[in-house]
Every structure is written in structure tokens, then in C-alpha cells.
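Participant: Attaching a predicted model along with its sequence, questions to come.
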Amino acid sequence: MTTILLARHGETDWNRENRFQGHADPPLNAAGREQARVLAEALSGRPLAAVYTSPLRRAAETAEIVAAPHVLPVEPVDGLREVDVGSWEGLTRAELEQREPEQFHRWLVEHEQGWEDGETYEEMGRRVIRALLALAERHRGERILAVTHGGPIRAAIAAAEGISHSEARRLGPVIGNGFAAGFAAEDGTLRRLD
């Protein structure tokens, strides 16, 4: 069994502005760096064999801060990227509610995908689970940290609980900046630890 700690990156200005980030690459803001320091402190006493990150700057910056007390390098893994939200990237919730009210309602209220380009939640989920299981195979019997985004963490929860991504969005938990959750990976499956 491999223990995988999944953590969401700290806050960016785009998070604060309720902008869809997707594959955009804004850096952490001051609050986000502080959230990363708090996460680093919370995980400082837990041994880690390795630290991985989404290649997007907000996750990589968070991972560097969290990895520092462990004196571990941080390795980017493309499969841990956030979902590609296509034409929604950079737009605020308010802008989308005005421009695409039906699609935005579908995303916000029905917990389904709203954008019609980019990547589907299912495509992102397959990509993320494949990456996590490959990391687990590399670190059998060890504990690793992967710093990623809300969408990939939700995909891991959905896979562990055998539900759809939209069900995982509806049922929670809320995945705020700095959120962390543990998973056990064994025999090609994920199980939630907390």
C-alpha cells in the first residue's frame, strides 16, 4: 500500500476574484504563501518519501514551501494539472453568469460541466488517477505528497468512493486553498483515508 497525501495549492489573486484558472498560471499571492507555510507546518512531522506537483506555478510554489522542511526535491507531474476549462479560463463567475447563463447554471447548480470546450471532468479524472497510480507503483509502502488543484482532488475522491465527479462536487467536502486529504493506493485502486 502507498499513502498519497493530496494537497490543494495556496490562494492566488484569481482564486480571490472567483476567476476560473484551469491551465492558466497565476502565482500564489501573500495569503497563498501563508497557507502553504501552514500546510508545511502541519505536515512537517509526517515522513515523506517524495513530493510531486502539478507543473502549474501555484501548485509548484506551494510544493516547494511544503517540501522545504523535509529537504526533498519537488518533481512536476503533468498528469496532476487542473482541468482545462477551455474558454472559461480567466473569466469570473459573474462574467460567466451573464455571458453563458445556461452553462453556468449547469456548472453551479447541477454540478455538471459548464464549458463546452477544453477538457471534460471524466478526461481529467482518468488522467489524474493514471498519474496517481503510477506514483503509487513507484513508491510501494511509502508516503508521498502530491500538490495539485481542486479538480484533481475531487477526481481522486470520486474514484475512491466509486461516484461521478459531479456527485463528488455535490456531496463535498469543500476543497479550499491549502486543503489536504489522504488516500491509500493498493492493487490499482484508491481508498480515502480521512
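Facilitator: Received it, and whenever you're ready, just let me know what you need.
Participant: Which residues are in contact with residue 59?
Facilitator: Listed by Cβ atoms under 8 Å, 6 or more residues apart in numbering, the contact set of residue 59 reads 9, 53, 80, 147-149. C-beta coordinates here come from the backbone N, C-alpha and C atoms, glycine included.
Participant: what's in contact with the biggest helix by length in the chain?
Facilitator: With secondary structure taken from DSSP state H, the chain has its longest helix at helix 121-138. Contact with helix 121-138 is made by 2, 4, 6, 50, 52, 77-84, 113, 144, 146, 148, 151-152, 155-156, 158-159, 165-166, 183, 185-186, 188, 190, as judged by Cβ under 8 Å, 6+ apart.
Participant: Which among those count as buried?
Facilitator: 2, 4, 6, 50, 52, 77, 79-84, 113, 144, 146, 148, 151-152, 155-156, 158-159, 165-166, 183, 185, 190 (16 or more other Cβ atoms under 10 Å).
Participant: Any regions of the protein where pLDDT drops low?
Facilitator: By pLDDT under 70, the low-scoring segments of the chain are 194.
Participant: Can you pull up the most central residue in it?
Facilitator: Closest residue to the average C-alpha location of the chain: residue 149 at 2.1 Å, with Cα atoms, centre = their mean.
Participant: Apart from its neighbours in sequence, what residue is nearest it?
Facilitator: In this structure, residue 149 finds its nearest non-sequential neighbour in residue 82, 3.7 Å apart by Cβ to Cβ, 6 or more residues apart in numbering.
Participant: Spell out the residue ranges of the strands in the protein.
Facilitator: Shown for the chain, the strands assigned by DSSP state E span residues 2-8, 50-53, 74-76, 143-148, 180-186, 189-192.
Participant: Can you add distance to residue 123 and give the ones you listed back as a markdown table?
Facilitator: Output for the strands of the chain, formatted as a markdown table (distance: least, Cβ to Cβ, whole Å):
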| stretch | distance to residue 123 |
| --- | --- |
| strand 2-8 | 19 |
| strand 50-53 | 20 |
| strand 74-76 | 20 |
| strand 143-148 | 16 |
| strand 180-186 | 20 |
| strand 189-192 | 18 |
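Participant: Looking at these, which is nearest to residue 117?
Facilitator: For those, the distance to residue 117 is smallest for strand 143-148, at 22.2 Å, taking Cβ to Cβ.
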